[in-house]
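*Asks:* model this:
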Amino acid sequence: MINPGVFEYESWLFLQGIGATGYVKPHHGSNTSSATDFINAINPTVVLFPAAYLNRYRFPSKKVQKRYKNKNIVSYSTG
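*Replies:* Numbers count the residues shown, from 1 in each chain. The predicted structure is shown next:
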């Protein structure tokens, strides 16, 4: 199991076909977060990355930011 004992909320939303106007991105925008299929499924207009300013991991990653930008989704970072 990839995530034993923890509820995968993103997967549940995807399977339910639930969309969103805004979305707070978990995992700070790491490279492995927010698959294109998931972004398409919830179809938000705004995304918020909860990441510290100039954090050592450089979250949100450029790769993830590009996924949202390509869908014309406005993104903000808390840092």
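*Asks:* what sits against Ser77?
*Replies:* Ser77 is in contact with 29, 48-51, 53, 60, counting by Cβ atoms under 8 Å, 6 or more residues apart in numbering. (C-beta placed from N, C-alpha, C; glycine too.)
*Asks:* cool, and Thr78?
*Replies:* Thr78 sits next to 48-52 when contact means Cβ under 8 Å, 6+ apart.
*Asks:* Strands of this structure, residue ranges please.
*Replies:* Along the chain, the stretches classed as strands by DSSP state E are 22-24, 46-49, 74-77.
*Asks:* Tell me the one among the contacts of Ser77 nearest to Gly22.
*Replies:* Leu48 (7.0 Å; Cβ to Cβ).
*Asks:* Isn't the closest one up against Tyr23?
*Replies:* Yes: Leu48 is in contact with Tyr23 according to Cβ atoms under 8 Å; the separation is 7.2 Å.
*Asks:* of those two, who's got more company?
*Replies:* Tyr23 (23 against 17; other Cβ atoms under 10 Å).
*Asks:* Skip the chain neighbours and tell me the closest residue to the more buried one.
*Replies:* The shortest distance from Tyr23 to any non-neighbouring residue, by Cβ to Cβ, 6 or more residues apart in numbering, is to Pro44 (4.1 Å).
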